[in-house]
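>>> pasting the sequence and the predicted model now:
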Amino acid sequence: MQRVSDIQVTVPDQRSKGCAQGRSGRPGGERPVGPVLIDLDELRSRAQAQHPGDDVPSPRFLPELGRLAEAVNSEAGLTAQGAAAVRERLVSALEQQTRLAALAQEAPETAATHIRNPVFISGLPGSGASMLQNLLVEHPSVDSPTLWEMLYPVSPGAGSPGRRMLIGQARAHVEASRHPVRHRTVGRFREATRPGGCHQLLANAFQSPVSGMYLRIPEYVRELEAADLTAAYAFHREQLQAITSRIPVASLVLRAPFHAARVDDLLRVYPDARIIRVHRDPAALVTITAGLSAGLRRTTSSRVAPKEVGREWADHIERHLARTSQAGRRLGPDRLLDVRHADLVAAPAATVRRVLQFIGVEPTPAVLDNVECLARATAAPTPNAHRFQADDFGLSTDELRERFASHIETYAL
């Protein structure tokens with residue numbers, strides 16, 4: 001097995017390929033850097049510092065970490081700042097593993113926390129999945145872990161200074177991820193104390209498909225599509241137990257973009273789960289996803305070519321939707337619900353009522369009134385906002401709609 005201390009995030013010099021300042025479009029013109037060592041001893045020292053006097057267990061998912069690092073080495077084209085950011089993400093994931101192992105020793109009853117009939121919302125960026133999740137938690141019997149809890153699943157109790165510090169760090173994380181796509185009509189619900197996506201729990205096992213949003217690692221993303229993520233979802237559950245053991249909830253709603261294509265892996269770990277798929281015209285989804293990905297990658301990489309990003313996500317989303325449709329055929333109407341973005345926007349209360357009935361929660365007039373108010377507030381136009389355009393990424397909306405014609409017809413998009 002490859003040791004973490006043997007892994008180097010080595011980024012080849014791209015100056016001869018026209019990626020220096022003035023040609024790559026990279027703000028600041030940062031050049032790719034030499035080796036950045038991810039040292040196992042250092043990671044263990046940092047983890048041990050969180051729990052002095054305790055034995056820190058060996059990190060989990062080292063082969064997966066090795067494959068991710070190799071992909072970053074060969075594909076990502078990181079700048080100095082980007083390499084540091086990736087390193088911190090990997091360190092953070094290992095630290096979360098250490099904290100979870102410590103919790104298992106200190107509070108073994110956490111592993112018995114029952115997660116009953118969880119609901120997984122799956123929708124690509126711009127589909128309305130985040131909006132639906134946020135509208136659902138207006139009901140007092142529905143809950144979703146917040147973004148800061150997803151980032152730090154093992155955290156101090158309410159009112160502690162440590163908890164406030166973690167929320168502050170999550171706010172900084174939100175601001176950093178929001179900056180590259182400022183003035184765009186996306187991410188309106190992305191706040192530290194609002195429901196967050198659970199893809200971060202998979203990232204702590206180094207197996208989150210969302211990694212491809214932030215990093216230029218297309219071959220790794222394709223490899224991950226074919227991988228068995230059952231162990232990653234089992235670790236997802238362990239972290240979720242740590243979160244929900246603090247605040248038990250009646251109906252737990254989770255969200256991530258790519259769950260619907262991983263239904264088989266997910267159901268091995270959550271056999272009583274229910275799936276909600278949020279659909280939108282794939283031409284819009286490809287454009288929005290490419291726009292978000294290009295913006296986020298520019299914060300770490302010198303290799304961001306908009307047309308390449310557009311082709312990459314058009315291909316990825318085509319494969320994703322094909323797998324999603326195939327997986328959905330194995331679920332009955334009591335386990336799978338399809339929601340259209342157009343319905344969610346045009347009739348939010350009626351759509352939420354339908355979803356609440358699907359998950360077995362009684363809608364109330366007060367909740368539906370709150371849903372309407374929140375939906376109207378978020379629908380207000382953002383000053384100076386600009387929408388992503390398909391031709392920004394070498395794409396054509398008409399050609400995308402023709403390419404995805406079968407999917408559009410199936411779901412009346």
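Yep, that arrived. The structure displayed is predicted, hence computed values, not measured ones.
>>> packing partners of the strand or helix carrying residue 408?
Per DSSP states H and E: residue 408 is located in helix 405-410. Judged by 3 or more Cβ pairs under 8 Å, 6 or more residues apart in numbering; DSSP states H and E, helix 405-410 is in contact with helix 306-328. (Glycine included, C-beta is placed from N, CA and C.)
>>> the next helix or strand after the helix it packs on: partners in the sheet, and parallel or antiparallel?
Counting by DSSP H and E, the next helix or strand C-terminal to helix 306-328 is strand 336-340. Strand 336-340 has its sheet partners listed here by DSSP bridges as strand 274-279 (parallel).
>>> buried sites along the helix holding residue 408?
407, 408 (16 or more other Cβ atoms under 10 Å).
>>> same check on stretch 99-111?
99, 100, 101, 102, 103, 104, 110.
>>> part of a helix, is the fourth one?
I take that to be residue 102. Yes - under DSSP: H, G, I helix; E, B strand; the rest coil, residue 102 sits within a helix.
>>> circling back to that earlier point, closest to residue 174 among the buried residues of stretch 99-111?
When the buried residues of stretch 99-111 are compared for distance to residue 174 (Cβ to Cβ), residue 99 comes out closest, at 21.3 Å.
>>> what about the closest one, distance to residue 139?
31 Å (Cβ to Cβ, to the nearest Å).
>>> same question, residue 397
36 Å.
>>> picking that back up, out of the buried residues of stretch 99-111, who's nearest residue 222?
residue 100 (29.3 Å).
>>> mind listing what that closest one touches?
If a contact means Cβ atoms under 8 Å, 6 or more residues apart in numbering, then residue 100 has 153, 154, 238, 239, 242 as its contacts.
>>> which residues of the stretch 201-350 of the chain score low on pLDDT?
248-249 (pLDDT under 70).
>>> can you do 90?
245-251, 299-303, 328-330 (pLDDT under 90).
>>> on that earlier part again, what residues does the helix holding residue 408 touch?
281, 282, 321, 325, 401, 413.
>>> tell me which two of those residues sit farthest apart.
325 and 401 (17.1 Å).
>>> mind giving me the PyMOL select for the contacts of helix 405-410, buried ones only?
Buried residues among these (16+ other Cβ under 10 Å), as a PyMOL selection:
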select buried, resi 281+282+321+325+401+413
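>>> can you put the contacts of helix 405-410 in JSON lines and add distance to residue 78?
JSON lines is the format used below for those (distance: Cβ to Cβ, whole Å):
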{"residue": "281", "distance to residue 78": "34"}
{"residue": "282", "distance to residue 78": "30"}
{"residue": "321", "distance to residue 78": "30"}
{"residue": "325", "distance to residue 78": "35"}
{"residue": "401", "distance to residue 78": "35"}
{"residue": "413", "distance to residue 78": "37"}
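>>> among the buried residues of stretch 99-111, which one lies nearest to residue 299?
Distances from residue 299 to the buried residues of stretch 99-111, taken by Cβ to Cβ, are shortest for residue 99, at 26.5 Å.
>>> what about the helix or strand that contains that closest one, distance to the chain center?
Secondary structure assigned from DSSP H and E places residue 99 in helix 80-106. Its chain's C-alpha centre and that of helix 80-106 lie 16 Å apart, by Cα atoms, centre = their mean, to the nearest Å.
>>> what do you get for stretch 131-144?
Per Cα atoms, centre = their mean, the centroid offset for stretch 131-144 relative to its chain is 18 Å.
>>> now do the same end-to-end measure for that stretch.
Separation of the first and last residues of stretch 131-144 by Cα to Cα, to the nearest Å is 13 Å.
>>> follow-up on the earlier one: most neighbours among the contacts of residue 100, which one?
The most crowded member of the contacts of residue 100, judged by other Cβ atoms under 10 Å, is residue 239 (26 neighbours).
>>> any idea which helix or strand carries that one?
If you go by DSSP H and E, residue 239 is part of helix 230-244.
>>> buried set for that helix?
Quick answer for helix 230-244 (16+ other Cβ under 10 Å): 231-233, 235-244.
>>> over to stretch 214-225?
Those would be 214, 215, 216, 217, 218, 220, 221, 224, 225, for stretch 214-225 by 16+ other Cβ under 10 Å.
>>> ok now that stretch, how far from the chain's centre?
In terms of Cα atoms, centre = their mean, the centre of stretch 214-225 is found 14 Å from the chain centre.
>>> cool, stretch 72-84 as well?
20 Å.
>>> sorry, back to before: got the contacts of residue 100 as TSV, with distance to residue 210 columns?
Output for these, formatted as TSV (distance: Cβ to Cβ, whole Å):
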residue	distance to residue 210
153	16
154	21
238	19
239	15
242	21
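>>> give me phi/psi at residue 210?
phi -70, psi -20 (degrees, to the nearest 10).
>>> show me what contacts it?
Taking Cβ under 8 Å, 6+ apart as the test, what residue 210 contacts is 197, 199, 202, 203, 256, 257, 258.
>>> the closest residue to the fifth one other than its chain neighbours: neighbour count?
Closest residue to residue 256 in three dimensions, ignoring its sequence neighbours and counting by Cβ to Cβ, 6 or more residues apart in numbering: residue 199, at 4.1 Å. Here the count is done by other Cβ under 10 Å, and residue 199 has 21 residues near it.
>>> residues in contact with residue 199?
208, 209, 210, 256, 257, 258.
>>> give me the residues contacting the helix or strand encompassing residue 354.
According to DSSP H and E, residue 354 maps onto helix 348-358. With contacts defined as Cβ under 8 Å, 6+ apart, helix 348-358 is touched by 132, 135-136, 138-139, 142, 274, 276, 337, 339, 343-344, 362-363, 367-369, 371-372, 375.
>>> can you list the residues that contact stretch 360-378?
For stretch 360-378, using Cβ under 8 Å, 6+ apart, the contacting residues are 117, 131, 134-135, 138-142, 188-189, 250-251, 345, 348-349, 352-353, 356-357.
>>> what subset of those residues is buried?
Buried positions within the contacts of stretch 360-378, assessed by neighbour count (16+ other Cβ under 10 Å), are 131, 134-135, 138-139, 141-142, 189, 251, 348-349, 352-353, 356.
>>> let's have these in JSON lines, adding distance to residue 392.
Formatted as JSON lines, these follow (distance: Cβ to Cβ, whole Å):
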{"residue": "131", "distance to residue 392": "24"}
{"residue": "134", "distance to residue 392": "28"}
{"residue": "135", "distance to residue 392": "30"}
{"residue": "138", "distance to residue 392": "35"}
{"residue": "139", "distance to residue 392": "38"}
{"residue": "141", "distance to residue 392": "42"}
{"residue": "142", "distance to residue 392": "37"}
{"residue": "189", "distance to residue 392": "24"}
{"residue": "251", "distance to residue 392": "40"}
{"residue": "348", "distance to residue 392": "29"}
{"residue": "349", "distance to residue 392": "35"}
{"residue": "352", "distance to residue 392": "33"}
{"residue": "353", "distance to residue 392": "37"}
{"residue": "356", "distance to residue 392": "38"}
